[in-house]
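Student: can't give you the sequence, but here's the structure:
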Ligand SMILES: NC(=O)c1ccc[n+]([C@@H]2O[C@H](COP(=O)([O-])OP(=O)(O)OC[C@H]3O[C@@H](n4cnc5c(N)ncnc54)[C@H](O)[C@@H]3O)[C@@H](O)[C@H]2O)c1
């Protein structure tokens, strides 16, 4: 049996400094008998030399396209448009299993090349809960930005930073102490949000499913800032609407939409129809109030986000290396991939390993 191998590619977005594996965890994989190749990268938050020092082979950026089909190609965000036919097993956030824009074309590239998209979004345990996410740091950054905005200390454009720097900015420079409500407080993003709020010396109000079953509007409107960190997997009535930000009868003036399901059937906020960005993080709402809805929050804390993510992914990569797709977690992703292809009308019988699908 050939030695299992993982090829970590360089991310293509220049603002993306995160990595799915830290040098320490890549070293742990090599010690577990898995060969790790790391592409050079100009943007990754960890120096390439640190990976080399821990036993990883170093390769040029983009060399994954020539990697052996048995190698697992590991990345976070989107693949470049070439090569057209994808031969290997790729682990990444493909956003392609739920009919998202571009999903059909991506799935077809995999089918035509005989490869498999193992989408990190569908890496779930037996109860359906995702096993690797960036949720904690998304919540942490989202809540921190909201507090800074409340204090009028948010200075765009935003740049990747470290927790130490972010925490230093959360030392209160004004006497204003916002009342902060975190919804989804028992989840990963919610816990991160509560920790950031506590770091600012504020005790947040914590709501989860129990409190939103029948929402106490008066209680909700007695807060200045609401952090939406709910992970909903079904549509439901809005948690917050424009009337909740009405100056006449509500204190609420800022919503940090960490969940960022904007434009999907799962969106539980009926406030905004677009995300915001590092350049313009705050959106003023037509009927008053503001929203922060950045969909790449963890990229603002690349080292911390990568470290937490990598630690959670490591045991699953070991099992993928040792047992391949027969490991239950990976088998579920493989099944989800087949199902997504089927739903998209990409027939398995058309699959070739030669890349001749029209
Ligand atoms: N903006 C970003 O950059 C970013 C990054 C990572 C994750 N996210 C998103 O953050 C969300 C949360 O992720 P997570 O990892 O914390 O998920 P999680 O599964 O760990 O937690 C979700 C929490 O929401 C609670 N919840 C579900 N429905 C609820 C409801 N109706 N009312 C109140 N609480 C409810 C659950 O009980 C749970 O405690 C996800 O939608 C995820 O996609 C956003």
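Tutor: All right, it came through fine. These numbers come from a predicted model, not from an experiment.

Student: so which bits of the stretch 201-350 of the chain are right by the ligand?
Tutor: Residues of the stretch 201-350 of the chain lying close to the ligand by CB under 6 Å from any ligand atom are 208-209, 212, 229-232, 236, 258-260, 294-298. Backbone N, C-alpha and C define where each C-beta goes, glycine included.

Student: just the buried residues out of the residues you listed, in PyMOL syntax.
Tutor: Remark: buried members of those, expressed as a PyMOL selection using 16 or more other CB atoms under 10 Å:
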select buried, resi 212+229+230+231+232+258+259+260+294+296+297+298
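
Student: now the strands for the stretch 51-200 of the chain?
Tutor: All strands of the stretch 51-200 of the chain, identified by DSSP state E, counting those that start in this stretch, fall at 57-59, 72-74, 89-92, 116-119, 180-183.

Student: of the ones you listed, flag the one that's most buried.
Tutor: strand 180-183 (a mean of 28; mean count of other CB atoms under 10 Å).

Student: give me the sheet partners of that one and which way each runs.
Tutor: strand 205-207 (parallel), strand 225-228 (parallel) (DSSP bridges).

Student: list the contacts for the closest residue to residue 191 other than its chain neighbours?
Tutor: Computed as CB to CB, 6 or more residues apart in numbering, the closest residue to residue 191 that is not its neighbour in sequence is residue 136, at 6.2 Å. Shown in contact with residue 136 (CB atoms under 8 Å, 6 or more residues apart in numbering): 188-189, 191-192, 308.

Student: who are the contact partners of the one residue in the stretch 51-200 of the chain that gets nearest to the ligand?
Tutor: For the stretch 51-200 of the chain and the ligand, the shortest gap (CB to the nearest ligand atom) falls at residue 187, measuring 1.9 Å. Contact analysis of residue 187 by CB under 8 Å, 6+ apart lists 135, 139, 208, 229-231.

Student: now swap in residue 256 and tell me
Tutor: Residue 256 touches 142-143, 145-146, 193, 225-228, 291-292, counting by CB under 8 Å, 6+ apart.

Student: returning to that earlier point: what pLDDT is listed against the residue of the stretch 51-200 of the chain closest to the ligand?
Tutor: Looking at residue 187, its pLDDT reads 96.

Student: from residue 254, how far out is it?
Tutor: Residue 187 is 21 Å from residue 254, where distance means CB to CB, to the nearest Å.
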